[in-house]
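*Asks:* no sequence for this one, just the structure:
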């Protein structure tokens with residue numbers, strides 16, 4: 001079972017569970033594909049906090065993941081092993097190509113050690129799990145992940161654990177994708193995508209169980225706006241608990257729930273056929 005529930009031996013273990021990572025077959029990372037991950041603590045170059053709730057956490061090295069695969073067309077790659085990546089929710093796979101080069105890729109669900117992967121800019125590659133090709137050559141109805149939004153920019157959508165987009169239609173130079181959020185949008189057919197669903201789908205079922213594990217992730221606690229003074233937060237001040245006669249917001253006054261945050265003049269808005277269910281057509285249901 002991918003999720004193991006702890007025995008109730010303490011208050012921190014009472015509601016906690018852990019992932020067994022049964023898909024992981026390689027436990028030592030490739031040092032040539034690692035680099036330091038600098039920390040900012042939520043501060044900018046002036047030392048001022050610009051992002052609240054960031055700080056601490058366990059030190060970890062960043063694994064360089066290949067999201068483009070532009071120069072690997074027609075070169076067969078063999079999966080050396082599947083590894084745990086502390087920087088993302090999904091697992092990563094170490095692929096060694098025929099010319100000896102090694103790269104990390106997002107591990108799709110069902111990928112096995114020893115399996116061969118291939119990417120192509122044409123339809124010469126079989127649409128099997130792990131292969132990468134333009135959306136123009138992906139059969140309609142298949143699930144894809146690591147989808148590009150702009151040709152050549154690299155994968156930007158469906159990269160977290162268990163996510164995938166379903167290809168439903170292709171016409172007029174665009175592919176129609178149904179995203180995990182419920183949003184339906186068009187993507188140019190020249191954009192690349194990888195066949196299959198991202199692995200480790202049980203990641204969302206894990207329960208941390210205690211605040212200490214949240215601190216190890218680098219997330220610091222946040223004080224409620226109502227509990228602050230009037231000059232520190234728009235909802236602060238007053239005698240007792242008061243909502244302030246306004247919707248929930250952050251310290252700068254930006255709405256925290258139900259407010260529109262997307263730029264209406266964004267050029268890609270015309271490619272969105274249907275917004276996600278909670279904000280259909282930019283309005284809350």
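*Replies:* Okay, I see it. For clarity, every value in this text was computed on a predicted model and none was experimentally measured.
*Asks:* now residue 162: closest residue in space that isn't a chain neighbour?
*Replies:* residue 201 (3.3 Å; Cβ to Cβ, 6 or more residues apart in numbering). Glycine gets a C-beta too; all of them are placed from N, C-alpha and C.
*Asks:* who's in contact with the one you found?
*Replies:* Counting by Cβ atoms under 8 Å, 6 or more residues apart in numbering, residue 201 touches 109, 161-162.
*Asks:* CSV please, covering those and showing distance to residue 233.
*Replies:* Shown next, in CSV, are the contacts of residue 201 (distance: Cβ to Cβ, whole Å):
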residue, distance to residue 233
109, 43
161, 34
162, 36
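*Asks:* ok, the nearest residue to residue 68 once chain neighbours are set aside to residue 248 distance?
*Replies:* Closest residue in space to residue 68, ignoring its immediate chain neighbours: residue 154 at 4.3 Å, by Cβ to Cβ, 6+ apart. Relative to residue 248, residue 154 is positioned 35 Å away (Cβ to Cβ, to the nearest Å).
*Asks:* where does this protein have low pLDDT?
*Replies:* 1, 277-285 (pLDDT under 70).
*Asks:* try it again with 90
*Replies:* 1-2, 15, 69-74, 121-125, 236-269, 275-285 (pLDDT under 90).
*Asks:* for it, identify the residue most remote from the centre.
*Replies:* residue 239 (42.2 Å; Cα atoms, centre = their mean).
*Asks:* who's in contact with the residue nearest to residue 176 when sequence neighbours are not counted?
*Replies:* Closest residue in space to residue 176, ignoring its immediate chain neighbours: residue 169 at 4.0 Å, by Cβ to Cβ, 6+ apart. With contacts defined as Cβ under 8 Å, 6+ apart, residue 169 is in contact with 140, 175-176.
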